[in-house]
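K.L.:
take this sequence and fold it.
(4 chains)
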2 protein chains.
Amino acid sequence: MTTRSRAEGSPGKHKLTRKGAQTRERIVVAAAELMFERGVAGTTVEDVRQAAGVSTSQIYHYFSDKDALIRAVIAFQSDTIVGGQEPMFAQLDTIDGFRTWRDFLVDHQRKLGCRGGCPIGSLGSELAEINDVARADVAAALLRWESGVRLGLRAMAAKGRLNPSADPEKLATTTLAALQGALLLTQMQRDSTPLEVALDT
Amino acid sequence: MTTRSRAEGSPGKHKLTRKGAQTRERIVVAAAELMFERGVAGTTVEDVRQAAGVSTSQIYHYFSDKDALIRAVIAFQSDTIVGGQEPMFAQLDTIDGFRTWRDFLVDHQRKLGCRGGCPIGSLGSELAEINDVARADVAAALLRWESGVRLGLRAMAAKGRLNPSADPEKLATTTLAALQGALLLTQMQRDSTPLEVALDT
DNA sequence: CTACTTTTGGAATGTCAACTCCAAAACTTG
DNA sequence: CAAGTTTTGGAGTTGACATTCCAAAAGTAG
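P.N.:
Okay, the predicted model is just below:
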């Protein structure tokens, strides 16, 4: 599931010229950033409009309503976050590869001042009980993430570098859960210790 | 930190009669339930008013504004959720005690149809970047939760029932992280498997 | 019973934010 | 260039929601 070919909730079946696609992208990126920083409910369409430097009608030209924009943001974050980590998943079969991944995550949180938590998890948490389509989108993104971890762990198990009593499938689920939870704790406490501890364990 | 003696954000220093305290409680309980089901942003003061069966002025008599009500809800959930588990934490020193706790959590999620996630974690995730006071309140609640787990694990370690290479302090952090993350996954996927897997691991 | 405080009712206000609409520019294509 | 399509501007509409206000009822204490 790569970037949703577009058109999820775009009004009509308009064709997008290059310029149009760029504008659309600019809107999504601005929205993603704002929603990450202030949450979905804390981000108004007017905020996005300003940040992206577009007019109201442009937003509603590319997205049928705020919900459609939200879905585009979820797809974008899914590609950016999970996609951005996929190269590291491929190296996850060694302890060293695992450490690289861990350091990357910790570093990233530090740079953000431990704000925002997980861009995908936060969106999901805020939307799950309000917008079922969005919830399903987030669930899919998380499963994709889990798959990445699972592949790495399977490779590690194949090389016998994993405690044989541990099932890589279950371990992948647990790892993702611990990661998500640790990001939450880190966000609440504004301190990266929980993330470090959880990933080391 | 037991129930905040009250008056966090109540207007003035009114004295509460028994009747007043009951009304206030009714409002908090109704708000907690709605905010759990639909999120903070998805819950209007009018919703709370109706659910609690009170008038607008009653709400604003007991709470200076919606934020004050939110803080009361956080305190309430902290006492209800964490407080409600504290008896189990005391028994956490045996494998059996741990299993009881695990089953309780899984059962609880199943009963809820895997909706809502963690009442405390969800609130935190939604509020962290918008309301710093609320964020700190949630952080405190989570630390209290972690303390409970830590005490149990320490007792378990003292009895030698724990892998000696594992540090109970770090294990407590990790356990809470895994629990929070697993609740999120469970909520997103509407399936209790992640919770079961994570707690078993 | 009187004076005072707390509790309750519910209409009214004001702000803010999502969304609509009517053109006009800028492209594209034949 | 001409006709059709996509993109852009921005003012205007509508509804929702937090909060305020003015009393009135109920309860408490002396």
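K.L.:
who's in contact with the residue positioned nearest the centre of chain A?
P.N.:
Centroid check for chain A by Cα atoms, centre = their mean gives residue A:120 as the closest residue, at 3.6 Å. Counting by Cβ atoms under 8 Å, 6 or more residues apart in numbering or on different chains, residue A:120 makes contact with A:74, A:77, A:78, A:81, A:82, A:138, A:141, A:142, A:145. Bear in mind the C-beta positions are built from the backbone N, C-alpha and C, glycine included.
K.L.:
at 7 Å what do you get?
P.N.:
A:77, A:78, A:81, A:138, A:141, A:142 (Cβ atoms under 7 Å, 6 or more residues apart in numbering or on different chains).
K.L.:
repeat for residue A:114
P.N.:
Contacts of residue A:114 (Cβ under 7 Å, 6+ apart): A:186, A:187, A:190, A:191, A:192.
K.L.:
the nearest residue to residue A:158 once chain neighbours are set aside: neighbour count?
P.N.:
Nearest residue to residue A:158, sequence neighbours excluded (Cβ to Cβ, 6 or more residues apart in numbering or on different chains): residue A:93, at 7.7 Å. By other Cβ atoms under 10 Å in any protein chain shown, 20 other residues sit near residue A:93.
K.L.:
and residue A:93, which of the three is it?
P.N.:
coil (DSSP: H, G, I helix; E, B strand; the rest coil).
K.L.:
how near is it to residue A:43?
P.N.:
39 Å (Cβ to Cβ, to the nearest Å).
K.L.:
coming back round to it: the residue nearest to residue A:158 and residue A:154 touch, don't they?
P.N.:
No. Look at residue A:93 against residue A:154 with Cβ atoms under 7 Å: they stay out of range, at 8.3 Å.
K.L.:
for chain A, just list every one of the helices.
P.N.:
Using DSSP state H, the helices of chain A run over residues A:18-38, A:45-52, A:56-62, A:66-77, A:83-90, A:95-111, A:119-127, A:132-158, A:168-189, A:193-200.
K.L.:
shaky segments in chain A?
P.N.:
Applying pLDDT under 70 to chain A flags the ranges A:1-14.
K.L.:
residues from it in reach of DNA strand C?
P.N.:
Within chain A, the positions adjacent to DNA strand C are A:17-19, A:43-46, A:56-57, A:60, A:65-67 by Cβ under 7 Å from any atom of the strand.
K.L.:
just among the residues you listed, which is most surrounded?
P.N.:
Going by other Cβ under 10 Å, residue A:43 tops those with 23 neighbours.
K.L.:
how close does the closest residue to it other than its chain neighbours sit to DNA strand C?
P.N.:
Closest residue in space to residue A:43, ignoring its immediate chain neighbours: residue A:34 at 4.4 Å, by Cβ to Cβ, 6+ apart. Between residue A:34 and DNA strand C the computed distance is 11 Å (Cβ to the nearest atom of the strand, to the nearest Å).
K.L.:
same thing with residue A:178?
P.N.:
Distance from residue A:178 to DNA strand C, by Cβ to the nearest atom of the strand: 34 Å.
K.L.:
wait, isn't that residue in contact with residue B:181?
P.N.:
Yes. Using Cβ under 7 Å, residue A:178 is in contact with residue B:181, at 5.7 Å.
K.L.:
more neighbours: these two, which one.
P.N.:
residue B:181 (32 against 28).
K.L.:
isn't the more buried one up against residue A:177?
P.N.:
Yes. If you go by Cβ under 7 Å, residue B:181 and residue A:177 touch, sitting 3.5 Å apart.
K.L.:
near chain B, which residues of chain A show up?
P.N.:
Residues of chain A lying close to chain B (Cβ under 7 Å from any Cβ of the partner chain) are A:37-39, A:41-42, A:115-117, A:121-122, A:124-126, A:128-130, A:135, A:138-139, A:142, A:170-171, A:173-174, A:176-182, A:184-185, A:187-189, A:194, A:197-198, A:201.
K.L.:
make a PyMOL selection of the buried ones in these.
P.N.:
A single PyMOL command selects the buried members of those (16 or more other Cβ atoms under 10 Å in any protein chain shown):
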select buried, chain A and resi 39+41+42+116+117+121+122+124+125+126+128+129+130+135+138+139+142+170+171+173+174+176+177+178+179+180+181+182+184+185+187+188+189+194+197+198+201
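K.L.:
just want the residue of chain A that's nearest DNA strand D.
P.N.:
Using Cβ to the nearest atom of the strand, the single residue of chain A nearest to DNA strand D is residue A:20, 1.7 Å away.
K.L.:
measure that residue to residue B:15 for me?
P.N.:
64 Å.
K.L.:
likewise residue A:142?
P.N.:
50 Å.
K.L.:
same thing with residue A:35?
P.N.:
Applying Cβ to Cβ to residue A:35 and residue B:15 gives a distance of 44 Å.
K.L.:
if we can go back for a sec, any idea which of the contacts of residue A:120 is closest to DNA strand C?
P.N.:
Among the contacts of residue A:120, residue A:77 lies closest to DNA strand C (Cβ to the nearest atom of the strand), at 18.7 Å.
K.L.:
quick check: closest non-adjacent residue to the closest one.
P.N.:
Spatially, and ignoring its direct neighbours in sequence, residue A:77 is nearest to residue A:119 (4.7 Å; Cβ to Cβ, 6+ apart).
K.L.:
what about that neighbour, how many residues nearby?
P.N.:
21.
K.L.:
just to check, it is in contact with residue A:82?
P.N.:
No. Under the criterion of Cβ under 7 Å, residue A:119 makes no contact with residue A:82, lying 10.2 Å away.
K.L.:
sorry, back to before: you'd agree the residue nearest to residue A:43 is up against residue A:46?
P.N.:
No. Checked against Cβ under 7 Å, the pair residue A:34 and residue A:46 is beyond contact range at 10.8 Å.
K.L.:
now residue A:134: how far from residue A:35?
P.N.:
Taking Cβ to Cβ, one finds residue A:134 at 11 Å from residue A:35.
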